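> Quick one: sequence plus predicted model below, questions after.
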Amino acid sequence: MSPLDRIANVSTLKQHEVDKLYKVEHKPVVSTSDQLCFLIRPRIQTVKWICDVANADKAAGRFRRYKIIFTPRKFYACEAMLEEQGIFGEVTTDEWSFCLLPLDDDVISMELPEFFRDNFLAGDQRWVRTAGSALHLLHSLYGPFSKLYGIGRCSKMAYESWREQVEEGEQTARRAEIGKVFLIDRDVDFVTPLCSQVVYEGLVDDIFRIKCGCVEFGPDVTSSDKSLKVMLNSQDKVFNEIRNEHFSNVFGFLSQKARNLQGAYDKRRGMDIKQMKAFVSEELKGLKQEHRLLSMHIGASESIMKKKTKQDFQELLKTEHSLLEGFEIRESISFLEEHISRQVSMMESLRLLCLLSITENGLLPKDYRSLKAQYLQSYGADHLLTFSNLRQAGLLAEQPAGEALSAMESKVGKLVNDKTAGKLTDAFSSLARKSNFRALSRKLNLVPKSDEEYDLRVPRDMAYIFSGAYVLLSCKLVEQVLERDGWTGMDEVTRLLNGHEFAVTGSSGADARTQGDARRVVLVMFLGGCTFSEISALRFLGREKGYKFIVVTTAITNSSRLIESLLGNQI
Amino acid sequence: MMKSKADEEDYWNSSKFKAFTFDDEDDEFSRLKESKRAVNSIRYLVEEDDDEEEVEKVSWSGEPVGSISWSVSETAASNQKADREPAFPKVSADSGPMSRSHSGYSLSSLFKAPSDPSVRLYAPELRKPKSEYKDYVSDWSPEETVQRMQQGKVVSLEKFRSLQDKLLLLDYAVNAHDGNVITARLLLELLRALGRMEDVALLQYKEHLSIADENRRRDFLKNCLSLPFSPEDSAHVQDHYTLLERQVIIEAERGGKVEVFQKFPRKASILNMPMITTLYYCCFYHYTESEGTFSCPLNIRQTFKISEKQYFVTALAARAKLKAWSDVDALFTSRNWLGFTRKKSPLSFQRVVDILQKNSAPTQVLQNYVALVDDAELRISLAQKHKCHDIVINTYRDLKDRQQLLGYQVKLKRGSAEERKIDELLNNPGERW
């Protein structure tokens, strides 16, 4: 499913005399048409392919007209490519600023996954203006915004771009429907997307990959030989009730629903003709749909269970929770070493490695060297490039070597066995380094006390999203800033997050105009991607505190997508 | 955070995560099965009334019919039916009317000396309407230049030829939050200028990914050895080169008539596979080679300094897959100077059993290793899991646990040898309980 599928279908295009549809690939276009129109993202590679198509036509003596529509913007580099390839004169170009796709009642996506890599790896700010434009569009439709908060370099720039565009444009004197806005950079909180998701929608995304709000369930889910592509949003009544639930609650819900369904069908037995007629015309359709959805989600849950049991998910979660809590780190490192040595999964090993690095504020140099060497041995030498990318993006870091520390370490290390040496290493290391995540975790109470039992059936806070082990940092920040109407009293926190925080009022008088419902509506914009876990957490927070959160994101993300975008072993 | 041992035990035994396990025997999973049965039981009711119109038509690939994705895959499918997959004809490099060196507005011109300035000044007018050139002035400041580029207007970049000017231009671009003026081709030049040599090395090393032919790739990697990598990365690239060199040789040895290749045909080439995969491959297909050959696993181990533990895990997995149980046994056996053999393992025996079981080792083989697990409780649970009855019985006997023995006896098959064995033990007056 692509964004285009969500807004148009073939008959619409045929009405506008489109003959055939192709995917842009690196091969010639076989067609009798003499006009080709390309609708593409502004990627150099894609433009190069189009140039090859045009040049191939020229070489074959084929005359065609070409049009390229760049969405959401055209970049200078693309035009430069057209020139270099010598087809600038044969092509007309256009821009289609399609930058917001509603995925659900409360989720809007810009469908720009490349935002993360371009911005946080390459340091390329090409998309900032686009983010500002998206915000500006929302502002002109639903604003004026009364207050804007944010944290992160990119958020600040997007805010500034938005403000510029507001000043360039006309003033709106409309009645606001969105009150406050919160902008946040993905790299303010890397921990959350690196954790395994355990709420239903998050699990479905991690395992089956939801694209543009649609997912494909294979034969193992449908129990037939066909695959099924479905939209997953609030229209699916069954899904809507389980999507934000911790997976352990899902079974209970589904079994209850199944029993109810059975009961509803059983009603038919005692019916007379008149009742039957009413039943068929009013209830049957709804029941059939519910049955279909229920079968599908039960099938999906079963498939999830099977996959996770096979992967030794329990063990993995234990390790993650250890890392979040800062407990038994050396055991976690051993687990990771074995995971890599057994070549369990390239992506999972990398994910754990990054989680270790972020929670510990960098790996000890000896650990970094040894884990990197093992990783390259198990998964391939060209991941040298992956490691470089991960370091650049800040997902992997090496602690600066402390001389006094290592001398002591090696001396002591010679006297004791490996496990004890590990524990001593931990102790000495914690004296020397400053752990931002650990410090943040303490300041914001991100890791609930382990002595109290956490009842997942009646969640008391956002920690339920990760089985009670961790409160999402990004959402916690949103919660705190809204409560304080700014960053007052959070100086230490913002310092630990490297600053770039801001809290400003919208245009003058906007506050006065924000009335009633709009006060409750908060737009949270993630620059660099947002996970379903975060969306579920915000929905929970909304219910708790009486807000209605609208999530805007450059793209939906998860640990796989985050890391994939930084892999270096692909051309 | 340091916790005491008691705390540790409490932590792991606590019910903090009680509500959530993925255990098969768990209540939750059986509830799911129940729901599935409930839903399936009414499936026939639903299907008999199935109304064609209600269900969205979905094609074989799962795409909704009439959607764009569906149409695209239909077109692709029909094209594949054609005789040959269309490919680009070979086009010579300078066939285009405007070949690279004439381009005045491309970014690579930033770093090339303009060949003929006069050509550039006129060329644009042929391509774009005159109106766009009304305010063509070649005298803009970096700031103005960037602004114009942002607005999609024509600019001239010839002016910015010194590194300082280029950096200034970039600065303005960055400040305007519109970094799209930077492209990958500029990057290399800049990195060199800024002295970031490791990044230069990596960027050039990356090119190996676009070389398909293994011999050419190997030669390319050899050249990469002289790039300015960090000492650590140099070693990794060296390994990469050496590995590929070996792989090319090993790949050539996929011995036609050799039995193991016949019985277990390869699913893929060993070229460009990771080191451990290569080791596994050699343990699988070339285990008995003499140590001098390139495909001998011991040789691989020595060349790449693979740890004993890693080698062990890999060899174990490979031999187990082939069901070569005597080879597996030989891995553990070491003779000390007195000539006695004893089993030692760099891996816990629990892990060994796990690997063997994943490769469908028979119970007789498994139990040899289950028996070597030190911890009695662990041994019992493993033995029970893998049905190594003798071990369970012997361990309970050693622990003098009559009750457990009785409890276990109930689970055994009636009349089996094991059942009788327990009887004998329990009735044996010699045994003290």
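Right, received. Where do you want to start?
> what residues does the stretch 301-450 of chain A put near chain B?
Listed as neighbours of chain B in the stretch 301-450 of chain A under the rule C-beta under 8 Å from any C-beta of the partner chain: A:301-302, A:305, A:308-309, A:313-314, A:317, A:321, A:325-328, A:341-343, A:369, A:372-374, A:376-382, A:384-385, A:388, A:423, A:426-427, A:450. C-betas here are computed from N, CA, C, even on glycine.
> I'd like to know which of the residues you listed are part of helices.
If you go by DSSP state H, those have A:301-302, A:305, A:308-309, A:313-314, A:317, A:321, A:325, A:341, A:369, A:372-374, A:376-379, A:384-385, A:388, A:423, A:426-427 in helices.
> Can you give me every residue that contacts the residue nearest to A:Arg129 when sequence neighbours are not counted?
Among residues not flanking A:Arg129 along the chain, A:Ser161 sits closest, at 5.2 Å (C-beta to C-beta, 6 or more residues apart in numbering or on different chains). By C-beta atoms under 8 Å, 6 or more residues apart in numbering or on different chains, the contact list for A:Ser161 reads A:128-129, A:131-133, B:177.
> ranking the residues you listed by neighbours, who comes first?
Sorting those by how many neighbours each has (other C-beta atoms under 10 Å in any protein chain shown) puts A:Ala131 first, at 29 neighbours.
> Backbone dihedrals for A:Phe526, please?
Dihedral angles of A:Phe526 (phi, psi; degrees, to the nearest 10) stand at phi -100, psi 120.
> Correct me if wrong: it contacts A:Thr553.
Yes: if you go by C-beta atoms under 8 Å, A:Phe526 and A:Thr553 touch, sitting 4.4 Å apart.
> gap between the residue nearest to A:Arg129 and A:Lys48?
29 Å (C-beta to C-beta, to the nearest Å).
> And for B:Arg31?
The gap separating B:Arg31 from A:Lys48 is 54 Å, by C-beta to C-beta.
> swap in A:Leu395?
Look at A:Leu395 and A:Lys48: by C-beta to C-beta, they are 29 Å apart.
> These two: who's more crowded?
Legend: neighbour count by other C-beta under 10 Å for A:Leu395 and A:Lys48, higher for A:Leu395 (25 against 16).
> Give me the pLDDT value at that one.
You'll see A:Leu395 listed with a pLDDT of 93.
> Could you pull up phi and psi at it?
Dihedral pair for A:Leu395: phi -80, psi -20, per degrees, to the nearest 10.
> wouldn't it be in contact with A:Cys354 here?
Yes: using C-beta under 8 Å, A:Leu395 makes contact with A:Cys354 at a distance of 4.4 Å.
> For those two, list the residues in contact with both.
A:190, A:194, A:563.
> tell me the contacts of the last one?
Contacts here follow C-beta under 8 Å, 6+ apart; on that basis A:Ile563 touches A:347, A:350-351, A:354, A:390, A:395.
> run the last query once more with 10 Å
When contacts are counted by C-beta atoms under 10 Å, 6 or more residues apart in numbering or on different chains, A:Ile563 touches A:193-194, A:346-348, A:350-351, A:353-354, A:386, A:389-390, A:393, A:395.
> Could you pull out the helices in the stretch 451-571 of chain A for me?
Secondary structure of the stretch 451-571 of chain A (DSSP state H, counting those that start in this stretch): helices at A:473-484, A:491-496, A:510-513, A:517-520, A:532-545, A:559-564.
> Make JSON lines from these and add mean pLDDT to it.
Shown next, in JSON lines, are the helices of the stretch 451-571 of chain A (pLDDT from 0 to 100):
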{"stretch": "helix A:473-484", "mean pLDDT": "96"}
{"stretch": "helix A:491-496", "mean pLDDT": "92"}
{"stretch": "helix A:510-513", "mean pLDDT": "55"}
{"stretch": "helix A:517-520", "mean pLDDT": "83"}
{"stretch": "helix A:532-545", "mean pLDDT": "97"}
{"stretch": "helix A:559-564", "mean pLDDT": "96"}
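> Please name whichever of the ones you listed is nearest to A:Pro219.
helix A:559-564 (22.0 Å; C-beta to C-beta).
> so who does the residue lying closest to A:Val478 once chain neighbours are set aside touch?
Nearest non-adjacent residue to A:Val478, counting by C-beta to C-beta, 6+ apart: A:Phe182, 5.4 Å away. A:Phe182 makes contacts with A:147-151, A:155, A:474, A:477-478, A:481-482, A:503, A:522-526, A:538, A:549, A:552, as judged by C-beta under 10 Å, 6+ apart.
> Quick check: the gap between A:Phe182 and B:Gly430.
Applying C-beta to C-beta to A:Phe182 and B:Gly430 gives a distance of 78 Å.
> ditto for B:Gly415
25 Å.
> how about A:Val166, what does it touch?
With C-beta under 10 Å, 6+ apart, A:Val166 has these contacts: A:132, A:135-136, A:139-140, A:143-145, A:172, A:506-507.
> Pretty sure it sits in a helix.
Yes: the assignment for A:Val166 is a helix, going by DSSP: H, G, I helix; E, B strand; the rest coil.
> tally of neighbours for the one residue in chain A that gets nearest to chain B?
Proximity of chain A to chain B (C-beta to the nearest C-beta) peaks at A:Gly86, 2.6 Å away. Using other C-beta under 10 Å, A:Gly86 is surrounded by 21 other residues.
> just A:Leu137 next, same as before
Quick note: A:Leu137 (other C-beta under 10 Å) scores 16 neighbours.
> With A:Lys23 instead?
Per other C-beta under 10 Å, the neighbour tally for A:Lys23 reads 11.
> mind listing what it touches?
Contacts of A:Lys23 were listed using C-beta under 10 Å, 6+ apart, and they are A:2, B:68-69, B:72-73, B:75-76.
> which sections of chain B are below the confidence cut-off?
For chain B, the stretches with pLDDT under 70 are B:1-29, B:42-65, B:79-188, B:255-257, B:335-342, B:431-433.
> Now render the contacts of A:Lys23 as TSV, adding neighbour count and secondary structure.
Output for the contacts of A:Lys23, formatted as TSV (neighbours: other C-beta atoms under 10 Å in any protein chain shown; DSSP: H, G, I helix; E, B strand; the rest coil):
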residue	neighbour count	secondary structure
A:Ser2	15	coil
B:Ile68	23	helix
B:Ser69	22	helix
B:Val72	19	helix
B:Ser73	17	helix
B:Thr75	17	helix
B:Ala76	13	helix
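> Could you point out which of the residues you listed is nearest to A:Phe532?
For these, the nearest to A:Phe532 is A:Ser2 (19.5 Å; C-beta to C-beta).
> so the closest one touches B:Ile68, yeah?
Yes: if you go by C-beta atoms under 10 Å, A:Ser2 and B:Ile68 touch, sitting 7.2 Å apart.
> What residues does the stretch 301-433 of chain B have near chain A?
B:304-307, B:309-310, B:313-314, B:317, B:347, B:351, B:355 (C-beta under 10 Å from any C-beta of the partner chain).
> Quick check on those: which are buried?
Among those, the ones that count as buried by 16 or more other C-beta atoms under 10 Å in any protein chain shown are B:304, B:306, B:310, B:313-314, B:317, B:347, B:351, B:355.
> In helices, which of those residues fall?
Going by DSSP H, the helices hold B:310, B:313-314, B:317, B:351, B:355 from those.
> lowest-confidence helix or strand of chain A?
helix A:418-432 (a mean of 49; mean pLDDT, DSSP states H and E).
> and the next element down the chain from that helix?
Heading C-terminal from helix A:418-432, the first helix or strand you meet, by DSSP states H and E, is helix A:436-444.
> So in chain B, which helix runs the longest?
When chain B is parsed with DSSP H, its longest helix is helix B:231-251.
> Give the buried residues for that one.
For helix B:231-251, a neighbour-count test (16+ other C-beta under 10 Å) marks B:233-234, B:236-248, B:250-251 as buried.
> Cheers, nothing more for now.
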